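Novice: The following block contains a protein sequence and its predicted model.
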Amino acid sequence: MLKNFRNKFSHYKDGLKSLLFVHKIDKIAIPLNVLQSIISGVTPYIELILWTMVIDTIVLKDIDKIVKLLIIMVVAKFIFGIIIDFLDKINNYKSKNIQQKMIVLISSKAMEIDYSVLENPQTLQQITDAEYTMEHTGGIVAFISYYRELAKNIFTILISFALILELCLSSASSSIFAINILASKTVSIAAIIIITVLNFRFNNYVAKKSKRHSSELFNENRRVERQLNYYTNNVYLKYPFGKDIRIFAMKDMINTSYSKYIEDAKSFFGKHYYTSNKNKESWNILSSSIYTLITYILVVIKALAKSITIGGMVKYVNAISMFNASIVKIIDLNQLIKLQTEYIRVFNDFLDVENVQKSGKLDIRRSEEKKYVIEFHDVSFKYPHNDEYVLRNVSCRIDFGKKLAIVGKNGAGKTTFIKLLIRLYEATEGFISLNGVDIRDYNYEEYKMLFSIVFQDFKLLALSIKENVAIGKYADEDKILEALKLSGVEERIKSLPENIDTNIYKYDANGVEFSGGELQKIAIARAIYKDSPFVILDEPTSALDPISEYETYSKFKEITENKTSIYISHRMGSCRFCEDILVLDKGFIIQRGNHEELLEDSNNVYAELYTKQAENYKI
């Protein structure tokens, strides 16, 4: 029985954990909510007691006292009303502010966790669910409000119980024996306990049967909303879809699909919310009516037994009614809190995701020449939850100051090679060393500073060009302009009224939409500005036209002077300026040499790829 009780209310343990988390974010939010609960729970009883005194005073015809009591009641109601309204506004504001901070925490956590963990589909789903929890299920705002209402109703029950106990323990003094028996302490207490227990069990049964607050219903609701949100957020409000919609005459198909999802949503809400809520309310009204009827009978018997005054009748009837209403409310709140705790647990579970990558303690010794030698020692790798190896037994040395190209067919393992080098992932087997030391032994943050990278799917922020290039560092404008010059976009930037203070993307009046090639050059400028000893470019000219590509490669010698540069490219012609070319195929290194050496054997993979691409340029 005790175990069953614990299971039913175990969600309050998780709820307490979340409330403690809220307290860490805002130290006074919980105390203010508790204060509002106490005042909100007590205020109706102050008014009720004053009304009882007014009625009894009217019976006694004490006019002066009646006026004084009415004035006190009006003033008290006014003061407590202002306090409750003030606390309600400030608590709602604080709850929304806490929720915004928790949404920021999701983003911060996503940026802090290991990339290998972040790429896990399960982690990506956790991020999506955590964001959905905060933005579409009421989040922490609803969570706090439910607990505030719970506390308020607990205070209401405690005060009501004290008044009910006072009623039950009042002595009967009627001349009619039967009335005295019915109004006795034993019968009164027994009657209250029986009707309260029966009412509780009935309402609890109705709450469970209604299934308005279940995780299964939430998941179904989320599916319905996602279908609708896909069209409203990702189709109708995304202007890049405009070209396809017009060229392929998609309007009728889109509207038909959207109308279908609207009908599905209407059917869902009608079935699970409207009908369910209507039935639940009907049963609640029935049980409340029966409870109120028995309450009136009990109070009238007490009045006939001369146990209470006429004013006392009003007080005790309302006390018992509020007692019942609070019990029903707590039953409903328990269901809501249980469900909301499940939502919040999704958020907590994501914050509890641990990094698997460990940082070493060694500092990287920086010689004056800044010479760094990288070696792969029999490295093999397979992605988490995947049995197939992407790289197998890779051993190679990358000497300082060299220009290395990594080529191969799609899926050969080129990008994975780079991910292991920069420690986005750890080798499954073997290890990588820097100057003879396992890279895992170095301080991770310091190790990352060795690399400037332009990924094929690079990202820029909707901030100024200056901020995108300098990335939070001291913005040396001369150095920024030099980086933009080397990347080949300086003239375009200088032609803009705001120059390097121009915002990328049209998120405000100062924003400019740059072409894909221009954005790629800005990303290259960012890598140049970082001034790291290793420069890695993943398809660095994929968005550039042939002339821009030629100009960029012509400048690479200057860009990478006294640096080690690594290029991943599908364009075999771009490898000609590299001193060393590493060819990957199915995860293995199958060839290595310079362009001329690799072309000597016309049957090898490099020659095959180069020849096929060259044929495309023949007239």
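Specialist: On my side now, so go ahead.

Novice: distance between the ends of stretch 486-493?
Specialist: 13 Å (Cα to Cα, to the nearest Å).

Novice: for that stretch, what is the average pLDDT?
Specialist: Here stretch 486-493 scores 88 as its mean pLDDT.

Novice: how about that stretch: buried residues?
Specialist: 486, 487, 488, 489, 490, 492, 493 (16 or more other Cβ atoms under 10 Å). Quick note: C-beta positions are derived from backbone N, CA and C, even for glycine.

Novice: what do you get for stretch 168-187?
Specialist: 168, 170, 172, 174, 179, 180, 182, 183, 184, 187.

Novice: okay if I get the residues you listed as TSV plus secondary structure, pLDDT and distance to residue 458?
Specialist: Formatted as TSV, these follow (DSSP: H, G, I helix; E, B strand; the rest coil; pLDDT from 0 to 100; distance: Cβ to Cβ, whole Å):
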residue	secondary structure	pLDDT	distance to residue 458
168	helix	82	75
170	coil	82	80
172	coil	74	86
174	coil	74	90
179	helix	82	88
180	helix	80	89
182	helix	80	84
183	coil	77	83
184	coil	83	84
187	helix	83	81
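
Novice: just curious, which of those residues is nearest to residue 429?
Specialist: residue 168 (76.8 Å; Cβ to Cβ).

Novice: helix, strand or coil for residue 380?
Specialist: strand (DSSP: H, G, I helix; E, B strand; the rest coil).

Novice: quick one: the most far-flung residue of the chain relative to its centre and residue 53, what's the gap?
Specialist: Relative to the centre of the chain, the most outlying C-alpha is that of residue 175, 69.3 Å out, by Cα atoms, centre = their mean. In this view, residue 175 and residue 53 are 28 Å apart by Cβ to Cβ, to the nearest Å.

Novice: One more: residue 117?
Specialist: 66 Å.

Novice: Name the residue in these two with the higher neighbour count.
Specialist: residue 53 (19 against 16; other Cβ atoms under 10 Å).

Novice: how is the protein carved up into domains?
Specialist: 10-169+333-353, 171-307, 360-450+567-619 (automatic domain parsing).

Novice: can you redo those domains as a markdown table with distance to residue 500?
Specialist: Formatted as a markdown table, the domains of the chain follow (distance: least, Cβ to Cβ, whole Å):
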| stretch | distance to residue 500 |
| --- | --- |
| domain 10-169+333-353 | 25 |
| domain 171-307 | 27 |
| domain 360-450+567-619 | 24 |
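
Novice: Nearest to residue 319, out of those?
Specialist: domain 10-169+333-353 (4.0 Å).

Novice: Could you tell me the end-to-end distance of the closest one?
Specialist: Domain 10-169+333-353: ends 22 Å apart by Cα to Cα.

Novice: How far off centre is that domain?
Specialist: 22 Å (Cα atoms, centre = their mean, to the nearest Å).

Novice: Could you pull up the mean pLDDT of stretch 524-538?
Specialist: If you average the pLDDT values across stretch 524-538, you get 89.

Novice: What degree of burial does residue 386 show, as a neighbour count?
Specialist: Neighbours around residue 386, by other Cβ under 10 Å: 8.

Novice: how much space between it and residue 146?
Specialist: Taken as Cβ to Cβ, the span from residue 386 to residue 146 is 42 Å.

Novice: now do residue 562
Specialist: Residue 562 is 62 Å from residue 146, by Cβ to Cβ.

Novice: can you give me the strands in the stretch 501-619 of the chain?
Specialist: Assigned by DSSP state E, counting those that start in this stretch, the stretch 501-619 of the chain shows strands spanning 503-504, 511-512, 534-538, 564-568, 580-585, 588-593.

Novice: does residue 161 really touch residue 322, like I thought?
Specialist: No - with contact defined as Cβ atoms under 8 Å, residue 161 does not reach residue 322; the gap is 10.6 Å.

Novice: between these two, which one's more packed in?
Specialist: When residue 161 and residue 322 are compared for neighbours, residue 322 comes out ahead with 21 against 15, by other Cβ under 10 Å.

Novice: Would you mind measuring from the more buried one to residue 42?
Specialist: For residue 322, the distance to residue 42 - Cβ to Cβ - is 12 Å.

Novice: cool, residue 101 as well?
Specialist: From residue 101 over to residue 42 (counting by Cβ to Cβ), the distance is 31 Å.

Novice: for residue 16, same thing?
Specialist: 24 Å.

Novice: Between those two, tell me which one has more neighbours.
Specialist: When neighbours are counted by other Cβ under 10 Å, residue 16 and residue 42 differ, and residue 42 comes out ahead with 16 against 12.

Novice: Which secondary structure element is home to that one?
Specialist: helix 29-60 (DSSP states H and E).

Novice: which strands and helices sit next to that helix?
Specialist: helix 11-25, helix 63-112, helix 139-168, helix 310-351 (3 or more Cβ pairs under 8 Å, 6 or more residues apart in numbering; DSSP states H and E).

Novice: So what angle separates the directions of the longest one and helix 310-351?
Specialist: Between the direction of helix 63-112 and that of helix 310-351, the angle (axes from the mean of the first three to the mean of the last three Cα atoms, to 10 degrees) works out to 10 degrees.

Novice: packing partners for whatever helix or strand comes next after helix 63-112?
Specialist: On the C-terminal side of helix 63-112, the closest following helix or strand by DSSP H and E is helix 115-118. Applying 3+ Cβ pairs under 8 Å, 6+ apart, we find helix 115-118 packed against no helix or strand.

Novice: for the record, mean pLDDT for helix 115-118?
Specialist: Mean predicted confidence for helix 115-118 is 85.

Novice: What residues sit buried inside that helix?
Specialist: Result for helix 115-118 [16+ other Cβ under 10 Å]: buried residues 116, 117, 118.

Novice: where's the residue nearest the centre of the chain, which helix or strand?
Specialist: Geometric centre of the chain, nearest residue: residue 131, 2.7 Å, by Cα atoms, centre = their mean. Using DSSP H and E, residue 131 sits in helix 121-136.

Novice: so what secondary structure elements neighbour that helix?
Specialist: Partner elements for helix 121-136 (3+ Cβ pairs under 8 Å, 6+ apart): helix 63-112, helix 215-234, helix 310-351.

Novice: coming back round to it: adding distance to residue 482 as columns, could you present the buried residues of helix 115-118 in a markdown table?
Specialist: Shown next, in a markdown table, are these (distance: Cβ to Cβ, whole Å):
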| residue | distance to residue 482 |
| --- | --- |
| 116 | 35 |
| 117 | 37 |
| 118 | 34 |
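
Novice: circling back to that earlier point, in JSON lines, list the helices and strands packed on helix 29-60 along with distance to residue 373.
Specialist: Shown next, in JSON lines, are the helices and strands packed on helix 29-60 (distance: least, Cβ to Cβ, whole Å):
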{"stretch": "helix 11-25", "distance to residue 373": "46"}
{"stretch": "helix 63-112", "distance to residue 373": "30"}
{"stretch": "helix 139-168", "distance to residue 373": "51"}
{"stretch": "helix 310-351", "distance to residue 373": "40"}
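
Novice: Nearest to residue 532, out of the ones you listed?
Specialist: Nearest to residue 532, of these and by Cβ to Cβ, is helix 63-112 at 20.1 Å.

Novice: Who are the packing partners of that closest one?
Specialist: helix 11-25, helix 29-60, helix 121-136, helix 139-168, helix 310-351.

Novice: wait, what's in contact with the nearest residue to residue 307 once chain neighbours are set aside?
Specialist: Leaving aside its sequence neighbours, residue 307 sits nearest to residue 170 (Cβ to Cβ, 6 or more residues apart in numbering; 3.9 Å). Shown in contact with residue 170 (Cβ atoms under 8 Å, 6 or more residues apart in numbering): 302, 307, 308.

Novice: cool, residue 448 as well?
Specialist: 422, 423.

Novice: For residue 398, see how far away it is.
Specialist: In terms of Cβ to Cβ, residue 448 sits 17 Å off from residue 398.

Novice: Nothing else from me, thank you.
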